[in-house]
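In: Please find the sequence and the predicted model below.
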Amino acid sequence: METLLQQIVNGLVVGSVYALVALGYTMVYGILGLINFAHGEVVMVGALTALQTLLLLMGIAPDMAPLLKLAIAVLVAMPVCMILGFLMERLAYRKLRNAPRLAPLITAIGMSFLLQTLAMIIWGRNYHTFPQLISTDPMQPIPGVFITPVQVTIVIVSALVMAGLILLVTKTRLGRAMRATAENHRVAALMGVDTNAIIALTFVIGAALAAVAGVMFASNYGIAHYAMGFMPGLKAFTAAVLGGIGNLGGAMLGGIVLGLVEAVGAGYIETMTFGFLNSSYQDIFAFVILGIVLIFRPTGLLGERVSDRA
Amino acid sequence: MNELIEAVPFLGKRNPRLTKWLIIIVALVAPLIAAYFGRSWMRILDFALLYMMLALGLNLVVGFAGLLDLGYIAFYAVGAYTWAFLASPHFGVHMPFWIVLPLGAAFAALAGIILGFPVLRLRGDYLAIVTLGFGEIVRIFMNNLNHPVNITNGPQGINALDSLNLFGWNLSQSLTIGDFKIHYLYLYYYFFLLCVVGSIIFIKRLQISRVGRAWAAMRDDELAAKAIGINTRNMKLLAFALGATFGGVAGGLFGSFQGFVSPESFSLMESIAVLTMVVFGGMGNIAGAVVGALILTALPEILRHIALPVQEAVFGTVILDPEVLRMLLLSLAMILMMLLRPAGLVPAHARYSRPELLKGGA
């Protein structure tokens, strides 16, 4: 029973990070119908930029409060990622907006590997230790179930960020313009929406969320490196599809569900398969879920049918 | 062949006959030229031929049938591991190549169909992600199936694979005729060349056959293809299976040539590399796949020999190592090609495909 509860806690923590990343995928897909393959790499750039900032801060102001350092690191990583997101859209995807589907997708794959390579050149191939600025001493709210303050912070912050995004999209003028663009570019443009700006903005907002998610990821595991974004990116995409791609609530739900399935599955796979498979197969869950969802319920948990759209 | 001739700059259109002979001669003497620069270049040539086979096979799936497959390297892996299981000391089985190679191809085709069935309904980008997932699943299994029963020997891979033995003639031993010795890399080169030429002829026939035309119709407009009575389900499965077959054969050859397989050789990066070759050369075009594979195998190696000394001379140390250079080159090739020349270096022939569809606005 404790194992189950413990895995549920872990799943919730990882799931809320997936949810943040999934939002970036789902927003871009909702508006452009493009899978921004390179979104996972934005997560990585966010984490590594934050790491770089932290190292710098530790050099020049070692006495600064740890939380303040972390806040500054996030505030540096966010604009860096936002600029990156903007540049990706402007330089690569905008030109391909009316191209047939394979072209933007192939470009996005190329972009993903380009960013990984550039990160490898800047930060090297090594794993870097990410400083633990929030305490990692485990607490025991229920005997036998451990949760660290970092994990609590991750869940709270991502809940706040997601709430903020929902407010932005549903309550503001800007959000209305975004929804209109997602519905129909041309009509939105006729109604006076600057659709180019809105699309660029979608990338920028998604990148900002990814930056936050990157810092969370690195803080949770205590490491950062150039390829850290790829797998979480794929899983977050799976989460977006699971929830119903193009649907904000769906991305959040999908993220949490995927995190839970993965954590609980990894905890029990050994007993379930009589020791044949062990937790090193953890990464398979996301792909299997993706396959099952796309085959049996391509609309996802909350979404409308999109997978047939050519 | 005609496409290949036209792909040769300047000469191709002016003097096709001369170009044809030129291509044949260059293909035949290429290893001799490479040998002049060193053994490593001969190995690179051999690998270029293997990549050609892969690119030809993937082109069948992506270029002809329009199904973006990001897990193609998994079929290569199936072929290579079949060779490793059935022709190495790992299980103590040593079967001859004429059993192992077709078996590897058959297993790969089967894997293609297994992958094909569930993804039949998916299109474009979803298909890409699911195939990517398939490739990753295969790789994860290769990495971890050493426990509790050791099947794949995990990340260490399998060693000492049997070399290619053509009815008693071992290609891994240098051939001695009188006092004239032919190094084994030559033997592999000509054998692989034969395989590639065979593949090209087969694929060319396939492309202009009923099947090839059905694929083209399905790629350009699936609904219309269905309406004129093409069984798109079978056609898709056939594309996956045939594409996978080429991957499986290439994988078996790779295993025999390398003498060693490990999951590292079958990473996602390799799938992407083969896709880049197809895209770079020109999707839906046999000559494109050949040219793309040749250039993108050779270019990183040439860069390695130029860029490393230059870096050492200028900066004193090596900043960009060869692997980084290769990734940089491949990713840039993919992005820039899509932005600037989406039909590829050798655009597909208008009769069998519609390159204008790639230019957008359709």
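Out: Everything's here; your move. Residues are numbered from 1 along each chain as shown, chains lettered A, B, ... in the order given.
In: Most proximal residue of the stretch 251-362 of chain B with respect to chain A?
Out: Minimum separation of the stretch 251-362 of chain B from chain A (C-beta to the nearest C-beta) falls at residue B:334, amounting to 3.2 Å. To be clear about C-beta, it is placed using only N, CA and C from the backbone, and glycine gets the same treatment.
In: what about that residue, which SS state?
Out: When states are read from DSSP: H, G, I helix; E, B strand; the rest coil, the local structure at residue B:334 comes out as helix.
In: Now whatever residue of the stretch 101-250 of chain A ends up closest to chain B. Nearest residue, chain neighbours left out?
Out: Taking C-beta to the nearest C-beta, chain B has its nearest neighbour within the stretch 101-250 of chain A at residue A:110, 3.2 Å off. The shortest distance from residue A:110 to any residue other than its chain neighbours is 3.2 Å, reached at residue B:334 (C-beta to C-beta, 6 or more residues apart in numbering or on different chains).
In: sorry, back to before: the residue of the stretch 101-250 of chain A closest to chain B reaches residue B:338, doesn't it?
Out: Yes - assessed by C-beta atoms under 8 Å, residue A:110 is found in contact with residue B:338 at 7.1 Å.
In: now the strands: where do they sit in chain A?
Out: Per DSSP state E, chain A carries strands over the ranges A:128-129, A:139-142, A:145-147, A:223-224.
In: Serialize those to TSV and add fields for distance to chain B.
Out: Output for the strands of chain A, formatted as TSV (distance: least, C-beta to the nearest C-beta, whole Å):
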stretch	distance to chain B
strand A:128-129	18
strand A:139-142	33
strand A:145-147	27
strand A:223-224	19
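In: okay if I get these as TSV plus distance to residue B:88 and mean pLDDT?
Out: As requested, the strands of chain A are exported to TSV (distance: least, C-beta to C-beta, whole Å; pLDDT from 0 to 100):
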stretch	distance to residue B:88	mean pLDDT
strand A:128-129	39	90
strand A:139-142	52	80
strand A:145-147	46	85
strand A:223-224	37	90
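In: Comparing those, which comes out most buried?
Out: With neighbours taken as mean count of other C-beta atoms under 10 Å in any protein chain shown, the strands of chain A reach their highest mean count in strand A:223-224, at a mean of 21.
In: In chain A, where is pLDDT below threshold?
Out: A:275, A:303-310 (pLDDT under 70).
In: Once you drop chain neighbours, what's closest to the residue nearest the centre of it?
Out: Nearest to the mean C-alpha position of chain A, by C-alpha atoms, centre = their mean, lies residue A:21 at 1.4 Å. Leaving aside its chain neighbours, residue A:21 sits nearest to residue A:236 (3.5 Å; criterion: C-beta to C-beta, 6+ apart).
In: Report the contact partners of the one you found.
Out: Going by C-beta atoms under 8 Å, 6 or more residues apart in numbering or on different chains, residue A:236 touches A:18-22, A:24-25, A:39-40, A:255.
In: Now for residue B:23, how many residues are close by?
Out: Residue B:23 has 16 neighbouring residues, counting by other C-beta atoms under 10 Å in any protein chain shown.
In: Could you do residue A:61 as well?
Out: Close neighbours of residue A:61, defined as other C-beta under 10 Å, add up to 12.
In: Would you map the helices across the chain?
Out: Chain wasn't specified; assuming chain A. Listed in chain order, the helices of chain A (DSSP state H) span residues A:2-32, A:39-60, A:66-87, A:102-123, A:149-171, A:173-183, A:185-190, A:195-221, A:230-243, A:248-272, A:284-296.
In: that's the other chain; I wanted chain B
Out: With DSSP H as the criterion, chain B has helices spanning B:2-7, B:11-14, B:16-37, B:39-59, B:73-86, B:97-119, B:124-144, B:184-207, B:210-220, B:222-227, B:232-258, B:268-281, B:286-315, B:322-340.
In: Can you report how many residues lie near the residue in the stretch 1-150 of chain B positioned nearest to chain A?
Out: Among the residues of the stretch 1-150 of chain B, residue B:133 lies nearest to chain A; the distance is 3.3 Å by C-beta to the nearest C-beta. Counted with other C-beta under 10 Å, the neighbours of residue B:133 add up to 25.
In: Which residue comes closest to residue A:4 once chain neighbours are left out?
Out: Counting by C-beta to C-beta, 6+ apart, residue A:4 lies nearest to residue A:264, which is 6.9 Å off, once chain neighbours are set aside.
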